[in-house]
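Peer 1: Okay, predicted coordinates and the sequence, questions at the end:
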Amino acid sequence: MCYRTDNLYLKRVVTTKPGGKSYVYLKVVQAYRAGGKARERVLFTLGREDELKSSGQLESLAAAFARKDPPMAGIRREVGPLLLVKHYLQRLSLAEIVESHLPSHGRAQLTNAEVVTALIANRLCAPSPLYDISGWASSAAVQELFEIPAMLLNDDRLGRALDVFATRAEEIRGAVALAAIERFGVEAGRLHLDLTSLRVAGAYEDSSLVAKGWDHQRQTVRQVKVLEATNPAGLPIYVRPQPGNAAELNCIGAALEQLANLLPRGLVFCADSAFGYIGHLCAADRAGLGFVVPLRDVTRFREMYAEQVGDLSLKPLDYTPLRERDLPPSRRTKYRGCLRRLPVNDPTSGQPHLFSVAFIWSSNEEQTVRESRERALSKAEDELRKVQRGLGGPYYKTTKQVQDRAAVILAGKAKRLIHVHVGESKGRPTLSFERDLEVIAETAASDGIYALASNLSNYSNAADLLRIYKEQSLVELRHRDLKQTLRVRPIFLHNDDRIQALISIVGLALLVFGLIELDLRGALGTQDELIGLLPEGRSARPTARNILAAFQGLGLTYTQAGIRLDRLTTTQRRILDLLGINLPWQEQVAA
């Protein structure tokens with residue numbers, strides 16, 4: 001016998017046995033009308049409620065009903081950017097990748113892949129802390145597009161999925177990166193690596209992931225560090241959480257080891273000056289890695305510049321930062337540079353290595369350094385004058401107290417730039433000071449100079465290395481997207497595995513975020529801006545942020561004729577056409 005599924009429901013029936021004990025049975029009942037009256041008939045009995053609960057079958061049944069229960073006509077769901085998210089997750093085969101690493105048993109309950117899919121969709125469409133995901137999904141078209149029932153996205157299920165994800169996070173992020181490279185033609189021969197810190201509130205006394213460490217402002221804070229590796233187009237291919245107290249060099253080294261094993265041989269990386277020690281560069285060269293890295297001051301590149309190069313050897317470089325291309329030439333940053341050979345010996349093995357070093361002078365860097373030095377000198381002189389006014393007082397009774405205080409004042413950027421004379425007269429300490437103009441002039445000779453070391457043989461001039469290094473700023477832009485647009489903070493979790501898993505999943509969302517941006521820019525071709533992308537119909541260069549924002553407010557409605565999508569705006573239709581995304585439902589008929 002066949003029954004309609006739209007008039008079936010679950011009924012709890014209490015049965016009292018002769019001994020007085022009561023049991024609750026769950027029965028599937030069909031409602032129908034006979035002779036003009038409402039009737040119901042029991043199709044079958046599922047079993048006792050307590051036994052179904054203890055065996056886990058009740059949860060499976062609830063999940064099955066949730067997947068099959070259609071909303072009533074008139075119900076609306078928020079679609080927003082979910083159309084784009086689904087398209088890119090399918091192209092990446094992300095659910096299949098997660099499922100292959102984290103297989104789930106049974107179909108009725110949510111699989112681990114479905115939970116990860118929902119978390120990525122949530123982070124891209126309604127970024128917020130990991131809170132009430134089920135509430136968001138119930139108002140969004142998550143079930144309609146991904147077949148994921150909102151009621152199953154409870155906190156317990158999310159937590160269990162995060163626990164499992166943490167055990168295979170490295171393999172999954174590597175597999176997704178390879179899928180992006182293969183299916184989107186993403187360039188991965190050169191990567192830019194950088195770390196950022198995520199401040200965390202709370203004690204986390206037993207955590208090995210959340211720890212106190214130096215942040216970018218040189219403050220000691222409780223944090224988790226996150227390493228990002230982006231390609232030259234700014235796509236964050238690899239995002240990996242690190243302990244908050246881990247040394248930057250160790251984090252970069254560990255990531256490079258993973259990436260070198262993941263990607264084809266010949267990987268080139270660009271990092272900041274934390275990697276700019278001769279020993280570390282020799283180690284990278286031994287490992288077959290190419291690099292472009294700024295040298296640290298301890299490598300004495302300034303002395304090499306003064307002795308072997310000098311200002312007259314620097315030639316104008318044909319490079320203009322993207323943000324300055326609309327400025328008149330007189331207001332643009334000027335660059336000069338030259339390329340020299342840098343023979344070094346490996347501090348570990350003693351083996352010789354031959355690198356190239358590009359000495360770069362930047363007018364903006366020179367101005368910044370000189371202004372910083374002048375501020376440091378003025379501040380030191382002000383502090384020394386305060387000491388002069390307090391000589392003989394309670395804090396500066398002896399010459400030793402004056403010397404100690406002067407040493408503290410001159411410990412910063414003003415060190416060696418001010419001469420201090422401490423003496424004694426009539427039983428009182430004396431203090432005089434003046435700027436060392438000769439040392440200041442010697443120091444100023446290398447203002448605006450920095451050195452980029454490389455082992456790449458196919459770059460023959462300083463401008464090429466400068467262009468590569470300047471693309472390092474793309475990683476910083478993705479740091480901003482991670483923290484601000486996708487709102488990875490605050491983290492309302494107190495388990496290292498779950499924190500690591502959540503950050504890794506947000507990293508996957510950041511990869512999708514970047515793919516949407518690069519795809520649309522590529523589809524536009526030479527047309528740099530998209531008309532109507534911003535409010536009031538203004539044109540703008542597509543970014544993932546304004547692309548996703550363009551779909552806010554788009555919804556669907558359940559009707560007697562089926563699901564109907566709101567009428568698309570001209571901009572929304574243009575974006576979907578450029579990205580090759582087909583609509584899953586018909587649009588509402590225009591009034």
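Peer 2: Noted; the coordinates are in hand.
Peer 1: Just to check, A414 is in contact with A376?
Peer 2: Yes: using CB atoms under 8 Å, A414 and A376 qualify as a contacting pair, with a distance of 4.8 Å. All C-beta spots, glycine's among them, are computed from the backbone N, C-alpha and C.
Peer 1: And the two? Which one has more around it.
Peer 2: Set A414 next to A376 and count neighbours by other CB atoms under 10 Å: A414 wins out with 20 against 17.
Peer 1: Wait, a helix at that one?
Peer 2: No: for A414, which was evaluated using DSSP: H, G, I helix; E, B strand; the rest coil, the result is coil, with no helix membership.
Peer 1: do you know how far it is from D297?
Peer 2: According to CB to CB, to the nearest Å, A414 and D297 sit 16 Å apart.
Peer 1: Likewise for K53?
Peer 2: The spacing between K53 and D297, counted by CB to CB, is 67 Å.
Peer 1: Which stretches in the stretch 401-550 of the chain count as helices?
Peer 2: Secondary structure of the stretch 401-550 of the chain (DSSP state H, counting those that start in this stretch): helices located at 437-444, 462-470, 473-480, 496-524, 544-549.
Peer 1: Show me the one of these that comes nearest Q109.
Peer 2: Comparison of the helices of the stretch 401-550 of the chain against Q109 by CB to CB identifies helix 496-524 as nearest, at 19.0 Å.
Peer 1: what angle separates that closest one from helix 473-480?
Peer 2: An angle of 120 degrees separates the directions of helix 496-524 and helix 473-480 when computed by axes from the mean of the first three to the mean of the last three CA atoms, to 10 degrees.
Peer 1: List the buried residues in helix 496-524.
Peer 2: Counting neighbours by 16 or more other CB atoms under 10 Å, one finds that the buried residues in helix 496-524 are 496-521, 523.
Peer 1: related to what we said a few turns ago, please tabulate the helices of the stretch 401-550 of the chain in CSV and include mean pLDDT as additional columns.
Peer 2: As requested, the helices of the stretch 401-550 of the chain are exported to CSV (pLDDT from 0 to 100):
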stretch, mean pLDDT
helix 437-444, 92
helix 462-470, 94
helix 473-480, 92
helix 496-524, 95
helix 544-549, 94
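Peer 1: Could you export those helices as CSV, including distance to P241?
Peer 2: Converted to CSV, the helices of the stretch 401-550 of the chain look like this (distance: least, CB to CB, whole Å):
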stretch, distance to P241
helix 437-444, 40
helix 462-470, 26
helix 473-480, 13
helix 496-524, 4
helix 544-549, 21
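Peer 1: host element of the nearest residue to A121 once chain neighbours are set aside?
Peer 2: Among residues not flanking A121 along the chain, V85 sits closest, at 5.0 Å (CB to CB, 6 or more residues apart in numbering). Taking DSSP states H and E as the criterion, the element that holds V85 is helix 82-92.
Peer 1: In the stretch 201-350 of the chain, what residue spans correspond to helices?
Peer 2: For the stretch 201-350 of the chain, applying DSSP H, counting those that start in this stretch gives helices covering 248-262, 278-286, 301-304.
Peer 1: which residues touch the most centrally placed residue in the chain?
Peer 2: Taking CA atoms, centre = their mean as the criterion, L482 is the residue nearest the geometric centre of the chain, at 3.7 Å. With contacts defined as CB atoms under 8 Å, 6 or more residues apart in numbering, L482 is in contact with T196, V226, E228, P236, V239, V488, V506, G507, L510.
Peer 1: Endpoints of stretch 309-318, how far apart?
Peer 2: Its start and end residues considered, stretch 309-318 measures 20 Å (CA to CA, to the nearest Å).
Peer 1: May I see the buried residues of it?
Peer 2: Buried residues in stretch 309-318, defined by neighbour count with 16+ other CB under 10 Å: V309, L314, L317.
Peer 1: nearest to Y396, of those?
Peer 2: V309 (45.4 Å).
Peer 1: Chain neighbours aside, what residue packs nearest to that closest one?
Peer 2: Distance criterion CB to CB, 6+ apart; nearest residue to V309, sequence neighbours excluded, is F359 at 5.5 Å.
Peer 1: just K17 next, same as before
Peer 2: By the measure of CB to CB, 6+ apart, the closest residue to K17 outside its immediate chain neighbours is Y23, 7.0 Å from it.
Peer 1: What strands flank the helix or strand harbouring the one you found, and is each parallel or antiparallel?
Peer 2: With elements delineated by DSSP H and E, Y23 resides in strand 22-34, which encompasses its position. Strand partners for strand 22-34, identified by DSSP bridges, are recorded as strand 8-16 (antiparallel), strand 37-48 (antiparallel).
Peer 1: Contacts for the shortest one, please.
Peer 2: Meaning strand 8-16. Residues from elsewhere that reach strand 8-16 (CB under 8 Å, 6+ apart): 22-31, 40, 42-43, 46, 49, 61, 65.
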